[in-house]
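> here is a sequence with its predicted model. Questions after.
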Amino acid sequence: MLEVGGLHVSYGRAQVLFGVDLSAPSGSLVCLMGRNGVGKTTLLKAVTGVLAPRSGTVRFDGRDVTRMRTHERVRRGLGYVPQGHETFPQLTVAENLQVAREAAPGARRSATDDALDLFPALGALMKRRAGFLSGGQQQQLAIARALVTEPRMLLLDEPTEGIQPSIVQQIEEAIGRLHASGLTILLVEQYLDLALRLADRFVILDAGEVVRSGDAEQLRDESVRALLAV
Ligand SMILES: Nc1ncnc2c1ncn2[C@@H]1O[C@H](COP(=O)(O)OP(=O)(O)OP(=O)(O)O)[C@@H](O)[C@H]1O
């Protein structure tokens, strides 16, 4: 479903990714891990087209999308939930979902119902402005916004970061349900236990390079854990 090959990405003269390879087969949940500042967010931004790589390729669903614009990738089924649960704070929950739907005109109405089914609390908050939601509720809204576009693959950047534990559990359950329904997911996650429960495979970045990848079970190995220890 997603194949990233030899990706080099820079911010101006500062190179951040050095030849990253990553693949997420259809239906898989791949956890992208690594310490702060190693390039995880940069990799997601290159996959979605927010950043243009200096070299390398991004293939999505059998097609080279490296030069394709972000909105085109969204229309082709790539959903992205950026770090920091970005929503429009002045708009209501319903309006936030409506704006997101406009990014994918072909998406079925039932995709919105399914998203609200996944996060029932949002259904009761439709008229509330997003800026007045708790951090956890905003994260749920950010995920719902991606889901209403009916993606075939979802990129989630640290969806549990800074969120209260009860909502972390709801978000974990939601991701588990999405995975079980067949959605392909690339998840940036720092919590090993959560990664162990959710992921099929993992990829660890360090200083902009892939230093380890494998089946999620290997996250139990000390040598793998050492790569994540601060
Ligand atoms: N807009 C930018 N301009 C210049 N450098 C940047 C920019 N954004 C990120 N960087 C640098 O790129 C490197 C990788 O950052 P990135 O956000 O991709 O890491 P990360 O692994 O996602 O970290 P975190 O877990 O802290 O979000 C860091 O050294 C960061 O300072």
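Great, that's in hand. The structure displayed is predicted, hence computed values, not measured ones.
> which residue packs closest to Leu196, ignoring adjacent ones?
Excluding the flanking residues, the one nearest Leu196 by CB to CB, 6 or more residues apart in numbering is Leu219, at 5.3 Å. All C-beta atoms are positioned from the backbone trio N, CA, C, and that covers glycine.
> give me the neighbour count for Arg152.
Other residues lying near Arg152 total 15 when counted by other CB atoms under 10 Å.
> run a quick neighbour tally on the residue nearest to it when sequence neighbours are not counted.
Distances taken as CB to CB, 6+ apart place Gly77 nearest to Arg152, at 3.6 Å, with adjacent residues excluded. Number of residues near Gly77 (other CB under 10 Å) recorded here: 19.
> repeat that for Asp113.
Asp113: 12 neighbours (other CB under 10 Å).
> and the helix or strand hosting it, what does it pack onto?
For Asp113, the element it lies in under DSSP states H and E is helix 109-118. When contacts are defined as 3 or more CB pairs under 8 Å, 6 or more residues apart in numbering; DSSP states H and E, helix 109-118 sits against helix 93-102, helix 120-123, helix 135-147, helix 165-180.
> the same query, at a cut-off of 6 Å, please.
Contacts defined by 3 or more CB pairs under 6 Å, 6 or more residues apart in numbering; DSSP states H and E place helix 109-118 against no helix or strand at all.
> put the alpha carbons of that helix into PDB.
Only the C-alpha atoms of helix 109-118 are listed here, as PDB (Å, rounded to 0.1, in the frame of the first residue of the first chain):
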ATOM      1  CA  ARG A 109     -21.800  10.300   4.000                       C
ATOM      2  CA  SER A 110     -21.700   7.000   5.900                       C
ATOM      3  CA  ALA A 111     -18.000   7.600   6.500                       C
ATOM      4  CA  THR A 112     -19.000  10.500   8.800                       C
ATOM      5  CA  ASP A 113     -21.500   8.200  10.700                       C
ATOM      6  CA  ASP A 114     -18.700   5.600  11.100                       C
ATOM      7  CA  ALA A 115     -16.300   8.200  12.400                       C
ATOM      8  CA  LEU A 116     -18.900   9.400  15.000                       C
ATOM      9  CA  ASP A 117     -19.600   5.700  15.900                       C
ATOM     10  CA  LEU A 118     -16.000   5.300  16.700                       C
END
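> okay, the angle between it and helix 135-147?
160 degrees (axes from the mean of the first three to the mean of the last three CA atoms, to 10 degrees).
> what angle sits between helix 109-118 and helix 93-102?
Going by the same axes, to 10 degrees, helix 109-118 makes 140 degrees with helix 93-102.
> identify the residues contacting helix 109-118?
Leu97, Leu122, Gly123, Ala144, Leu147, Val148, Glu150, Ala174 (CB atoms under 6 Å, 6 or more residues apart in numbering).
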